[in-house]
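> Coordinates only, no sequence provided:
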């Protein structure tokens with residue numbers, strides 16, 4: 001298992017951004033090139049004393065307000081806990097309650113920065129301890145193992161502090177001093193002791209635009225000890241936290257999108273990638289990710305925006321294409337070239353032996369967290385490539401949303417079986433049992449891939465999938481003659497399982513376009 005864990009750890013995202021361009025804000029300009037950040041496994045140092053514990057906040061209150069402290073008893077507002085989910089169901093039950101979990105403790109010195117941690121006491125094939133801060137009266141899901149590590153006091157969560165005459169910012173700073181953490185505090189400037197982080201995260205695709213554009217609706221998280229804040233970027237990549245900090249927070253990008261989908265695995269057993277940005281100014285940070293940044297970070301950012309844009313484009317004034325499931329799980333695999341839309345998290349059953357051959361050394365991870373889309377990114381380094389591949393798989397996911405699990409299970413078992421048993425020749429020969437499912441699904445996916453790609457890169461005349469036996473050109477031919485993607489998608493119902501049924505369904509829905517439909521299907525056969 002050790003070799004497998006080391007292998008998987010090798011595809012964890014690393015961060016090496018270009019120097020960012022200047023944004024008109026008070027946020028820190030972050031140049032992470034050469035700053036010593038590592039994005040392998042976190043190395044912990046000595047345990048630090050948490051200034052936010054009830055005990056230490058009480059000491060700080062006594063030091064600054066000895067008279068008022070005598071009549072003010074601090075009651076814990078939060079608990080600092082660690083949890084040990086046994087499987088995805090338990091993990092999801094905790095996450096569904098709004099709990100933000102980290103795989104490493106927050107009250108330890110970090111000797112070497114990184115993106116993941118695995119407790120040495122936990123077998124490497126299992127989910128490691130997850131650390132979180134929850135409300136004091138939090139009800140833990142039944143059956144989940146947890147331990148309370150500390151009782152904490154965050155004054156901004158205590159309503160009684162609003163009119164008590166106590167400067168709680170001063171108390172907080174005093175708690176840092178008495179716990180030996182004074183060097184973490186930022187200097188007071190013009191009477192200000194705290195700042196609310198804000199900034200912008202952008203990505204650059206030179207084939208699309210000369211200007212960077214926002215990392216759309218991705219989660220940004222930061223913390224100082226047990227004080228956490230998180231938010232989503234907006235469509236332009238701007239973010240603003242909901243809490244103020246007196247010390248430099250530790251920032252991270254969590255590839256869990258506001259639309260619900262998640263990108264990648266951060267460690268072996270964690271459903272969404274996390275890119276640690278290190279400790280930076282409490283005023284916020286600005287980061288620009290470009291093609292010469294770390295490849296995995298760039299491709300994950302590109303995947304985030306590709307999926308976000310796809311969800312946005314599913315609805316137009318002319319109608320809608322079903323969006324993929326909101327909780328879609330997308331994995332990017334560094335050493336694979338094959339991609340798939342297997343929808344296992346959604347309940348589609350795929351032959352486990354065949355999945356093992358398809359995913360190779362990655363196959364064991366589906367035992368804990370099931371993927372929906374897998375994208376093989378071996379050899380990819382540009383935005384356009386990830387946009388093309390992921391759009392294809394997302395088109396499949398929309399199709400899945402319309403036809404359901406039973407239809408999709410037949411398709412995926414056919415596709416995986418054809419790929420594996422035919423010596424890794426994609427899609428088989430078009431003569432096998434159930435090949436019609438593949439024919440209909442791939443016609444649609446390659447057509448959407450071409451359509452969306454040309455809309456993003458209008459100078460391109462590329463057409464994807466034209467060399468295969470199922471001829472996506474049929475749908476492009478109809479599109480050029482006014483049968484839009486919205487109309488074509490309307491025909492992709494569960495009763496359509498081959499080319500002939502697809503043609504008949506289109507004719508029945510759009511008799512005014514019968515001639516164009518028949519010409520298209522007769523032209524390519």
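Right, received. Where do you want to start? Predicted, not measured: the structure shown is a model, and the values here were computed from it.
> How many neighbouring residues does residue 210 have?
6 (other CB atoms under 10 Å). From N, CA and C alone the C-beta is placed, and that goes for glycine too.
> Spell out the secondary structure type for it.
coil (DSSP: H, G, I helix; E, B strand; the rest coil).
> if I pick residue 161, what's in contact with it?
155, 168 (CB atoms under 8 Å, 6 or more residues apart in numbering).
> and it, what are its phi and psi?
Backbone torsions of residue 161, given as degrees, to the nearest 10, read phi -90, psi -10.
> Please give the element, helix or strand, for residue 410.
Assigned by DSSP states H and E, residue 410 falls within helix 405-421.
> residues touching residue 486, list them.
By CB under 8 Å, 6+ apart, the residues touching residue 486 are 316, 318-321.
> Just the ones of the residues you listed in strands?
Per DSSP state E, strands hold the following members of the contacts of residue 486: 316, 319-320.
> Name only those of the residues you listed that count as buried.
With neighbours counted using 16 or more other CB atoms under 10 Å, the ones in strands among the contacts of residue 486 contain no buried positions.
> ok so, going back, starting at the chain centroid, how far to the helix holding residue 410?
The chain centroid and the centroid of helix 405-421 are separated by 26 Å under CA atoms, centre = their mean, to the nearest Å.
> Also stretch 484-492?
Relative to its chain's centre, stretch 484-492 lies at 29 Å (CA atoms, centre = their mean).
> how about low-confidence regions in the stretch 151-300 of the chain?
Filtered on pLDDT under 70, the stretch 151-300 of the chain yields the residue ranges 265-271.
> the helices in it, which residues?
Here the stretch 151-300 of the chain has its helices, by DSSP state H, counting those that start in this stretch, at 168-178, 295-313.
> Out of the ones you listed, which is closest to residue 514?
Closest approach to residue 514 among these is made by helix 295-313 (28.0 Å; CB to CB).
> Please report how far the nearest residue to residue 77 once chain neighbours are set aside lies from residue 242.
Spatial nearest neighbour of residue 77, excluding adjacent residues (CB to CB, 6 or more residues apart in numbering): residue 157 at 4.3 Å. Residue 157 sits 12 Å away from residue 242, taking CB to CB, to the nearest Å as the criterion.
> again with residue 280
In terms of CB to CB, residue 280 sits 18 Å off from residue 242.
> For residue 392, state which of the contacts of residue 486 is nearest.
Out of those, the member with the shortest distance to residue 392 (by CB to CB) is residue 321, at 14.0 Å.
> tell me the contacts of the closest one?
Counting by CB under 8 Å, 6+ apart, residue 321 touches 314-315, 398, 485-486, 489.
> likewise residue 345?
If a contact means CB under 8 Å, 6+ apart, then residue 345 has 327-329, 369-372 as its contacts.
> that older thread, looking at residue 280 and residue 242, which one has more neighbours?
residue 280 (22 against 10).
> tell me the phi and psi of that one?
Dihedral angles of residue 280 (phi, psi; degrees, to the nearest 10) stand at phi -140, psi -180.
> possible to save the contacts of residue 486 as JSON lines with distance to residue 479 and pLDDT?
Listed next are the contacts of residue 486 as JSON lines, based on distance: CB to CB, whole Å; pLDDT from 0 to 100:
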{"residue": "316", "distance to residue 479": "14", "pLDDT": "81"}
{"residue": "318", "distance to residue 479": "13", "pLDDT": "72"}
{"residue": "319", "distance to residue 479": "14", "pLDDT": "79"}
{"residue": "320", "distance to residue 479": "17", "pLDDT": "91"}
{"residue": "321", "distance to residue 479": "13", "pLDDT": "95"}
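> Any chance of those in TSV with distance to residue 303 as columns?
Below are those laid out as TSV (distance: CB to CB, whole Å):
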residue	distance to residue 303
316	23
318	27
319	26
320	23
321	19
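> This completes my enquiry, with thanks.
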